[in-house]
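Asks: Got a predicted structure here, sequence first:
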Amino acid sequence: MLQGLDLTDEQLLKFAEIKGGAFSKMAHAKIDLMDMKKEIFRELLKPQVDKKKVHAIAQKIKDHKAACMDSMLENMIAFSEILTVEQKKKLHLNKIRSFFGVEEHEEGEE
């Protein structure tokens, strides 16, 4: 995705820092989500289902997913703030090329 943007070393280091932190957070968030799903299934498999508890766990899952989305959005904003206006334009064109399956050719290539 970042190919051809002529990123500086400083930009690359900032991207690496954000990405590393995001991967760590998302890994922990995924484990937490799996635990909540296990919890809701344990509750659903009981002889007598406590509907209030099931709804409460479901709400916890919704809140957790929303927090994950908020975190992802913050990372996207942070990535965007690192790029220059020119790099953003180039990234936009790269996305369009990718969508249409069109690759940019080097000058002199046929």
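Replies: Received, thanks.

Asks: burial measure for Ile57, as a count.
Replies: Ile57: 19 surrounding residues under other Cβ atoms under 10 Å. Where C-beta positions appear, they are placed from N, C-alpha and C, glycine not excepted.

Asks: From His28, how far out is it?
Replies: 19 Å (Cβ to Cβ, to the nearest Å).

Asks: same thing with Asn75?
Replies: 15 Å.

Asks: Give me the longest helix you can find in this protein.
Replies: helix 9-44 (DSSP state H).

Asks: Could I get the average pLDDT for that one?
Replies: Mean pLDDT, helix 9-44: 94.

Asks: Which residues are in contact with the spatially most central residue of the chain?
Replies: The residue lying closest to the centre of the chain (Cα atoms, centre = their mean) is Met72, at 4.6 Å. Applying Cβ atoms under 8 Å, 6 or more residues apart in numbering, we find Met72 in contact with Ala22, Met26.

Asks: do Ile61 as well
Replies: Contacts for Ile61 (Cβ under 8 Å, 6+ apart) come out as Leu33, Met36, Lys37, Ile40.
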